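Student: Sequence and computational prediction follow.
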Amino acid sequence: MKKLWGGRFQKTPEQWVDEFGASIHFDQELVEEDITGSLAHVNMLGKCGIITEEEAEQISNGLTTLLEKAKKNELTFSVNYEDIHLNIEKMLIDEIGPVGGKLHTGRSRNDQVATDMHLYLRKHVAMVIELIEGLQKSLVEKAENHVETILPGYTHLQRAQPISFAHHLMAYFWMLDRDKQRFTESFKRINISPLGSAALAGTTFPIDRAYTAKKLDFDGIYENSLDGVSDRDFIIEFFSNSSLLMMHLSRLCEEIILWCSQEFQFIELDDTYATGSSIMPQKKNPDMAELIRGKTGRVYGNLMSLLTILKGLPLAYNKDLQEDKEGMFDTVKTIEGSLQIFIGMIDTLKVNKEKMEKATKEDFSNATELADYLSTKGMPFREAHEVVGTLVYECIQSGIYLKDLPFENYKKSSDLFEEDLYEIINPYEAVRKRMSAGGTGFDMVRIAIEKAKTTFNES
Ligand code: ARG
């Protein structure tokens with residue numbers, strides 16, 4: 001089959017070679033962006049007198065017909081035309097005749113494909129930002145219902161100090177807030193137009209790059225044509241932002257998985273977000289959380305892959321760059337899907353308040369309270385730490401907790417102890433009193449939730 005670029009060739013590649021080189025099986029995802037970009041380009045060609053206004057209109061009409069068909073999924077792509085750009089050009093020529101061949105004046109597939117990807121990512125980054133905010137809202141709502149639900153806070157996965165469950169959830173809110181900021185900030189580097197860079201050097205046609213950029217709602221144009229066609233930083237940045245986002249989601253997944261284990265029983269997932277086992281009838285597995293944790297790996301992989309593809313590339317376009325697309329589609333699909341699932345999983349998650357609270361009573365996570373108590377009474381903190389550490393050891397030896405240790409034992413280790421110590425080591429009190437800025441005290445958490453809510457609608 002004759003290629004659209006076939007003039008200087010004596011023979012056509014064998015079918016299997018064609019198939020290896022083709023990208024149409026994945027870049028058809030860009031069909032709408034490709035036609036949209038072409039519409040702006042042809043409009044500019046007409047306006048600048050590079051083709052006649054009638055020709056521009058004919059081509060525009062042809063493209064619009066194709067766009068409508070694309071939206072209805074009525075276009076059939078062929079591997080014989082390699083990629084989305086040549087497929088559309090061929091369909092256009094079939095639709096309106098040889099005048100369709102004028103569309104590609106003053107343009108190359110190199111600036112065309114880059115334009116398509118800028119348009120595609122711009123759309124999806126906006127969706128991702130919206131989904132992140134959706135998840136933040138779910139977290140805030142859950143947090144509001146659990147300000148006074150207490151559970152052990154952990155360091156080294158050892159019980160450390162009791163905290164408010166809302167405080168724990170809100171930690172993820174702020175991670176997501178940084179993710180949202182990063183995606184929002186990247187927008188200005190995504191929203192610039194490479195169109196008109198042509199193959200690499202610009203063009204002798206009197207094109208108007210600012211005009212096409214404006215038509216496509218870009219904020220500006222690439223200053224350098226070589227950079228315009230060979231830059232993939234904006235995709236790498238998207239992968240990097242996505243990797244951080246997935247890392248955050250994955251950490252919460254890990255906690256969800258732990259929390260719904262028999263050992264913790266802190267939460268129960270809604271049936272929708274869990275699955276059973278084909279052999280063990282009792283099982284309710286947190287599959288969705290595990291899957292999101294697992295999918296984090298492919299998002300990191302896409303980042304590594306594109307960084308590696310780019311590192312040795314001389315300017316300007318090289319076919320290696322065709323390898324940028326599958327990772328981009330995959331990352332978009334993965335993070336959008338993960339965020340959607342997460343929103344539902346958080347909204348429907350049942351919190352086992354009693355189990356959480358019980359856990360704070362059957363441990364030594366109130367030991368810091370006692371050390372603080374002694375140091376408030378004048379004992380140097382280091383000394384207080386030692387005294388309480390010894391008391392903890394004593395309790396462990398007798399299989400009891402600090403709350404069960406008789407008062408005379410306390411008195412024996414320090415004269416500073418008074419009967420009010422039992423109130424001090426009540427975990428609920430311990431949480432309530434942590435009113436330092438950003439701390440877990442209930443009123444501080446309420447303030448933090450209100451502050452968090454002010455970040456909505458800002459972007
Ligand atoms: N399918 C190609 C890609 O995805 C489009 C650009 C091809 N340009 C070229 N000169 N071969 O990168």
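Tutor: Thanks, I have it.
Student: helix, strand or coil for residue 50?
Tutor: coil (DSSP: H, G, I helix; E, B strand; the rest coil).
Student: tell me the contacts of it?
Tutor: Applying Cβ atoms under 8 Å, 6 or more residues apart in numbering, one finds that residue 50 lies in contact with 44, 105-106, 205-207. No exception for glycine: its C-beta is placed from N, CA and C like everyone else's.
Student: From residue 306, how far out is the residue of the stretch 251-400 of the chain found nearest the ligand?
Tutor: Closest residue of the stretch 251-400 of the chain to the ligand, Cβ to the nearest ligand atom: residue 322 (3.7 Å). Going from residue 322 to residue 306 by Cβ to Cβ, to the nearest Å gives 12 Å.
Student: thinking again about what came up before, need phi/psi at the residue lying closest to the residue of the stretch 251-400 of the chain closest to the ligand once chain neighbours are set aside.
Tutor: Distance criterion Cβ to Cβ, 6 or more residues apart in numbering; nearest residue to residue 322, sequence neighbours excluded, is residue 23 at 5.2 Å. Main-chain dihedrals, residue 23, degrees, to the nearest 10: phi -120, psi 0.
Student: picking up where we left off before, can I get the buried part of the contacts of residue 50 as one ChimeraX selection?
Tutor: Command for ChimeraX that selects the buried part of the contacts of residue 50, burial taken from 16 or more other Cβ atoms under 10 Å:
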select :44,106,205,207
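Student: The contacts of residue 50: which two are farthest apart?
Tutor: By the measure Cβ to Cβ, 105 and 206 form the most distant pair in the contacts of residue 50, at 11.2 Å.
Student: What parts of the stretch 51-200 of the chain come near the ligand?
Tutor: Neighbours of the ligand within the stretch 51-200 of the chain, by Cβ under 6 Å from any ligand atom: 83, 109-110, 113.
Student: Relative to the ligand, which of the contacts of residue 50 is nearest.
Tutor: Of the contacts of residue 50, the one sitting nearest to the ligand (Cβ to the nearest ligand atom) turns out to be residue 106, at 15.4 Å.
Student: Which strands or helices does the helix ranked longest in the chain pack on?
Tutor: When the chain is parsed with DSSP state H, its longest helix is helix 109-144. Here helix 109-144 touches helix 31-47, helix 84-96, helix 165-190, strand 192-193, helix 225-230, helix 233-259, helix 325-348, helix 442-453, going by 3 or more Cβ pairs under 8 Å, 6 or more residues apart in numbering; DSSP states H and E.
Student: Next secondary structure after the fourth one?
Tutor: Downstream of strand 192-193, the first helix or strand assigned by DSSP states H and E is helix 209-215.
Student: Give me the contacts around that next one.
Tutor: 39-41, 43-44, 47-48, 192-193, 195-196, 219-221.
Student: Can you convert the residues you listed into CSV and add a column each for pLDDT?
Tutor: As requested, these are arranged in CSV below (pLDDT from 0 to 100):
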residue, pLDDT
39, 98
40, 98
41, 98
43, 98
44, 98
47, 98
48, 98
192, 98
193, 98
195, 98
196, 98
219, 98
220, 98
221, 98
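Student: any idea which of those is the one closest to residue 257?
Tutor: Nearest to residue 257 out of these is residue 192 (Cβ to Cβ; 41.2 Å).
Student: Tally up the residues packed near that closest one, please.
Tutor: By other Cβ atoms under 10 Å, 19 other residues sit near residue 192.
Student: and it, bridged to which residues?
Tutor: Assessed by DSSP bridges, residue 192 has beta-bridge partners residue 220.
Student: Who has more neighbours out of residue 322 and residue 306?
Tutor: residue 306 (23 against 18).
Student: Run the chain-centre distance for the strand or helix carrying that one.
Tutor: With secondary structure defined by DSSP H and E, residue 306 is part of helix 287-311. Its chain's C-alpha centre lies 11 Å from the corresponding centre of helix 287-311 when counted by Cα atoms, centre = their mean, to the nearest Å.
Student: Next, see if it gets close to the ligand.
Tutor: No: interface with the ligand: helix 287-311 contributes nothing (Cβ under 6 Å from any ligand atom), its closest point being 11.1 Å away.
Student: Mind pulling up the pLDDT for residue 308?
Tutor: Looking at residue 308, its pLDDT is 98.
Student: before we move on, what about the one 3 residues further on?
Tutor: According to the prediction, residue 311 has pLDDT 98.
Student: Near it, how many other residues are there?
Tutor: 7.
Student: for the one 5 residues further on, same thing?
Tutor: Residue 316 is flanked by 19 other residues according to other Cβ under 10 Å.
Student: That one against residue 200, yeah?
Tutor: Yes: counting by Cβ atoms under 8 Å, residue 316 touches residue 200, with 3.9 Å between them.
Student: so what's residue 42 up against?
Tutor: 51, 56, 59-60, 63, 103.
Student: Go again with 7 Å.
Tutor: 56, 59-60, 63, 103 (Cβ atoms under 7 Å, 6 or more residues apart in numbering).
Student: do residue 386 as well
Tutor: No contacts exist for residue 386 under Cβ under 7 Å, 6+ apart.
Student: Give me the pLDDT for it.
Tutor: pLDDT, read off for residue 386, is 96.
Student: Pretty sure it sits in a helix.
Tutor: Yes: Residue 386 forms part of a helix when assessed by three-state DSSP.
Student: how near is it to residue 379?
Tutor: 10 Å.
Student: Mutual contacts of residue 316 and residue 200, please.
Tutor: In contact with both residue 316 and residue 200: 226, 229, using Cβ under 7 Å, 6+ apart.
Student: which residue packs closest to residue 373, ignoring adjacent ones?
Tutor: For residue 373, the spatially nearest residue (Cβ to Cβ, 6+ apart) is residue 424, at 5.1 Å.
Student: Quick one: neighbours of the residue nearest to residue 177 when sequence neighbours are not counted, just the number.
Tutor: The shortest distance from residue 177 to any residue other than its chain neighbours is 5.8 Å, reached at residue 455 (Cβ to Cβ, 6+ apart). By other Cβ under 10 Å, the residues close to residue 455 number 17.
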